[in-house]
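Engineer: I'd like to go over a predicted model; first the sequence, then the structure.
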Amino acid sequence: MRHRKKGKKIGRTSSHRKRTLQALSNALIENKRITTTVAKAKALRPFVEPLITRAKEDTQHNRRQVFRHLQNKEAIQELFDEVSERVGNRPGGYTRVIKLGQRSGDGAELALVELVDYNDVPPADTGGGGSGGTRRGSGKGRRRQTEEEQDSQATDTSAESSEDAAEDVAESAAGDESAEGETSEGEMSEGEAAEDASDTDKK
């Protein structure tokens, strides 16, 4: 029987579960938004929301009670000084859970946990790895871009080779013309020499 067994075990021992929820709560208070699995997100809400309720009344007793769960001075300072003011008169429901789909690799269901009064905070790159479809799509785009670059390089190479070939043909033609000119000049000089010799013999 599960009498007096509140909460989910999330596959951990009592001490491990306590430290996990503590770390998630500190990250949520400091960053205002975190990405985790759906099971951890559902276990986090009933753990962190009573602490936010206590932070509405800034007393030494409440600070000590919250510190007993969080064990983080920076997170407590942020909670009592900033988060409690943004929460205002909200009677509860300080967090929001948004499902993000499955994680590529193990297929775990991911969720975004955020404080509802911090909608203006831009999302940070948590490195949690989005859906597998997005990664595969981006890979196809990269492959397509690589193929296009290779095709353009091949086109440029062929154009350069054709230009080089045209230049070689032009140079060879110019060389042939110069050789023919030199040959004709040589023939003319030989003819002139023969004529001079014949004139000398006649004299």
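Structural biologist: Received the coordinates, thanks.
Engineer: pLDDT weak spots in the chain?
Structural biologist: Applying pLDDT under 70 to the chain picks out residues 121-147, 152-203.
Engineer: one more time with 80, if that's ok
Structural biologist: 119-203 (pLDDT under 80).
Engineer: now the strands for it?
Structural biologist: Taking DSSP state E, the strands of the chain run over residues 33-37, 95-102, 109-115.
Engineer: which one of the ones you listed is the most hemmed in?
Structural biologist: Per residue and on average, the most neighbours among the strands of the chain fall to strand 33-37, with a mean of 21 (mean count of other C-beta atoms under 10 Å). For every residue, glycine as well, the C-beta is placed using N, CA and C.
Engineer: Can I get that one as CSV, trimmed to CA atoms?
Structural biologist: Provided in CSV are the C-alpha atoms of strand 33-37 (Å, rounded to 0.1, in the frame of the first residue of the first chain):
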residue,chain,number,x,y,z
ARG,A,33,13.5,28.5,-17.2
ILE,A,34,15.0,25.0,-17.5
THR,A,35,14.6,22.0,-19.8
THR,A,36,14.2,18.5,-18.2
THR,A,37,12.2,15.3,-18.6
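Engineer: Direction included, what does that strand pair up with?
Structural biologist: strand 109-115 (antiparallel) (DSSP bridges).
Engineer: quick check: angle from the partner strand to strand 95-102?
Structural biologist: Between the axis of strand 109-115 and that of strand 95-102 there is an angle of 160 degrees, by axes from the mean of the first three to the mean of the last three C-alpha atoms, to 10 degrees.
Engineer: Domain map for this protein?
Structural biologist: Per automatic domain parsing, the structural domains of the chain span 14-129, 131-196.
Engineer: ok, back up a step: so which of the strands of the chain gets nearest Arg45?
Structural biologist: With C-beta to C-beta as the measure, strand 95-102 is the member of the strands of the chain nearest Arg45 (5.4 Å).
Engineer: Quickly run through the sheet partners of the closest one, with directions.
Structural biologist: Strand pairing (DSSP bridges) places strand 95-102 next to strand 109-115 (antiparallel).
Engineer: Let's see the strand it pairs with as PDB, backbone CA atoms only.
Structural biologist: The C-alpha trace of strand 109-115 is given here as PDB (Å, rounded to 0.1, in the frame of the first residue of the first chain):
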ATOM      1  CA  GLU A 109       9.800  13.000 -23.200                       C
ATOM      2  CA  LEU A 110      11.200  16.500 -22.600                       C
ATOM      3  CA  ALA A 111       9.500  19.500 -21.000                       C
ATOM      4  CA  LEU A 112      10.200  23.100 -20.400                       C
ATOM      5  CA  VAL A 113       9.600  24.400 -16.900                       C
ATOM      6  CA  GLU A 114       9.400  28.100 -16.400                       C
ATOM      7  CA  LEU A 115       8.200  30.800 -14.000                       C
END
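Engineer: what's it in contact with?
Structural biologist: Identification of contacts with strand 109-115 by C-beta atoms under 8 Å, 6 or more residues apart in numbering yields 24, 28, 32-39, 41, 44-45, 83, 86, 94-103, 128, 130.
Engineer: can we see that at 7 Å?
Structural biologist: The set of residues external to strand 109-115 that reach it, using C-beta atoms under 7 Å, 6 or more residues apart in numbering, is 28, 32-38, 41, 44, 83, 94-103, 128.
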